[in-house]
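> sequence first, then the predicted structure:
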Amino acid sequence: MRSVIGLCATFGTFAGGYVPALWGDNGLSLTAVVCAALGGLAGVWLGVRLSAD
């Protein structure tokens, strides 16, 4: 259960950090950090939902 949440959070963080690159922004910008944090939170939420079964 814990590993599912961790994997989803890790994937969400990487995916969220990549989002600003889609419109040409730098990967180390504040926007990338905020998107990575939001992606991590979304990943934790998804991991909890998947492991609740």
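Perfect, I can see it now. Numbers count the residues shown, from 1 in each chain.

> spatially central residue for this protein, please.
In the chain, the centroid-proximal residue (C-alpha atoms, centre = their mean) is Gly12; its distance is 2.2 Å.

> that one sits in which helix or strand?
Assigned by DSSP states H and E, Gly12 belongs to helix 2-18.

> after that helix comes which helix or strand?
Toward the C-terminus, helix 2-18 is succeeded by helix 30-51 as the next helix or strand (DSSP H and E).

> what's in contact with that following helix?
By C-beta atoms under 8 Å, 6 or more residues apart in numbering, the surrounding residues in contact with helix 30-51 are 1, 4-17, 19-21, 25-26. For glycine as for every other residue, the C-beta is placed from the backbone atoms N, C-alpha and C.

> give me the buried subset of the residues you listed.
Among the contacts of helix 30-51, those buried by neighbour count (16 or more other C-beta atoms under 10 Å) are 5, 8-9, 11-13, 16-17, 19-20.

> what's the burial count for Leu28?
Counted with other C-beta atoms under 10 Å, the neighbours of Leu28 add up to 10.

> what does the one 5 residues further on give?
Val33 has 14 neighbouring residues, counting by other C-beta under 10 Å.

> again with Arg2
Neighbours around Arg2, by other C-beta under 10 Å: 8.
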